[in-house]
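> How does the following fold in three dimensions:
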Amino acid sequence: MRQQLRPVWQSRKLTRRVKLKIFRSNVKTVLLYGCETWKVTKDISHRLQVVINRCLRRILGVYWPEKISNVDLWERCGETPIDQQIKRRKWNWIGHTLRRDIPRQALDWNPQGKSSCMGVSPHRPPAYGPRGAMLTATLPVLAALAVVSGAKHKPVFSEEIKEIIQHVHNECVAKTGVAEEDITNCENGIFKEDVKLKCYMFCLLEEASLVDDDDAVDYDMLVSLIPEEYSERASKMIFGCKHLDTNDKDKCQRAFDVHKCSYDKDPDFYFLF
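Here you go, the predicted structure:
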């Protein structure tokens, strides 16, 4: 494909705008086809980004020994880093899946003895079918930051979603050994200095696929998941606390500090399941 498109990128008859449209419709759509269900690694992201950057440089007419930073390249072409694009596509797909009235059997089905397309063990509980990792990724974030107007009432979920939320909760409790009482007390502003509780909070972010390979949390993506009518309030709370997520702390302490600060910023808005 690279050889076939080279004459297009080098053409003087086509404007940059047209070239970028061709790139997005014929190159990027092929590269990212089905990425909503991928298990994305650093290596995959890097390989995709290299191909995309090479195409964009050809479109802009940047050849060696000329140089342009990746940030400038993306800005001039109206692009964003490929890992962010994949994450956003994953979340869009989740929302689309949750809005559709798809039979439970179709969502949870997995052939006996086969690994699911998400790379999840077939021996997981029913909530982990082909959509398992993605669907369970959505709910921890929405529940952990459940947006309730004016008072602390748990959001109303369907029985299926309740089941998945409970499963994610149980997963993180099992991994960390945190006491249920310590989780409940957080809603009342009692944040126990306990490593199990701190790592439970980070576990929810991991389950939500909001943490990269370097354990950095994507707060922009986190805020983007909040319903629009509450996004301003959520942004003030989260972005007002994310400065506490610093590299001099371990990952569990960082999550704990942000959670505690979020409660202090807006106690009526904070919820932890």
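
> quick one: Gly78 and Lys67, what's the gap?
Noted for Gly78: a distance of 20 Å to Lys67, by C-beta to C-beta, to the nearest Å. Every C-beta, even on glycine, is put in place using the N, C-alpha and C of the backbone.

> scratch that, Arg6 is what I was asking about
Counting by C-beta to C-beta, the gap from Arg6 to Lys67 is 21 Å.

> Kindly report the same for Lys265.
43 Å.

> which one of those two has more residues nearby?
Lys265 (16 against 8; other C-beta atoms under 10 Å).

> quick one, what contacts that one?
By C-beta atoms under 8 Å, 6 or more residues apart in numbering, Lys265 lies in contact with 236-237, 240-241.

> Please indicate which of those has the highest neighbour count?
Met237 (24 neighbours).

> for that one, helix, strand, or coil?
Using DSSP: H, G, I helix; E, B strand; the rest coil, the structure places Met237 in helix.

> Can you give me the pLDDT of it?
Note on Met237: pLDDT of 87.

> count of residues packed around Phe271?
20.

> please renumber so the chain begins at 561
Done: numbering now begins at 561, and the last item shifts to Phe831.

> So it belongs to a helix, correct?
No - assignment of Phe831 by three-state DSSP gives coil, placing it outside any helix.

> Settle this for me: it is touching Glu747, isn't it.
Yes - assessed by C-beta atoms under 8 Å, Phe831 is found in contact with Glu747 at 6.5 Å.

> Spatially, and excluding backbone neighbours, which residue is closest to Gly800.
Once flanking residues are discounted, Gly800 sits nearest to Lys825: 5.3 Å by C-beta to C-beta, 6 or more residues apart in numbering.

> So, low pLDDT: which residues of the stretch 561-710 of the chain?
The model of the stretch 561-710 of the chain has pLDDT under 70 over residues 561-562, 655-710.

> just the helices in it please.
562-570, 576-582, 589-591, 602-620, 630-637, 642-659, 664-668, 692-704 (DSSP state H, counting those that start in this stretch).

> out of those helices, deepest packed?
helix 692-704 (a mean of 22; mean count of other C-beta atoms under 10 Å).

> got the contact list for stretch 806-816?
Against stretch 806-816 from outside (C-beta under 8 Å, 6+ apart): 751, 755, 757-759, 761-762, 765, 771, 775, 777, 804-805, 817.

> Apply 10 Å and report the result again.
Applying C-beta atoms under 10 Å, 6 or more residues apart in numbering, the contact partners of stretch 806-816 are 736, 746, 751-766, 771, 774-777, 802, 804-805, 817.

> so how far is that stretch off the chain centroid?
Relative to its chain's centre, stretch 806-816 lies at 19 Å (C-alpha atoms, centre = their mean, to the nearest Å).

> how about the CA coordinates for it, as CSV?
Output of stretch 806-816 as CSV, limited to C-alpha atoms (Å, rounded to 0.1, in the frame of the first residue of the first chain):
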residue,chain,number,x,y,z
THR,A,806,3.2,12.4,40.7
ASN,A,807,6.0,10.0,39.8
ASP,A,808,7.6,10.2,43.2
LYS,A,809,4.8,8.0,44.6
ASP,A,810,3.9,4.4,44.0
LYS,A,811,0.8,3.8,41.8
CYS,A,812,-1.4,2.8,44.7
GLN,A,813,-0.6,6.0,46.7
ARG,A,814,-1.2,8.1,43.7
ALA,A,815,-4.7,6.7,43.2
PHE,A,816,-5.4,7.1,46.9
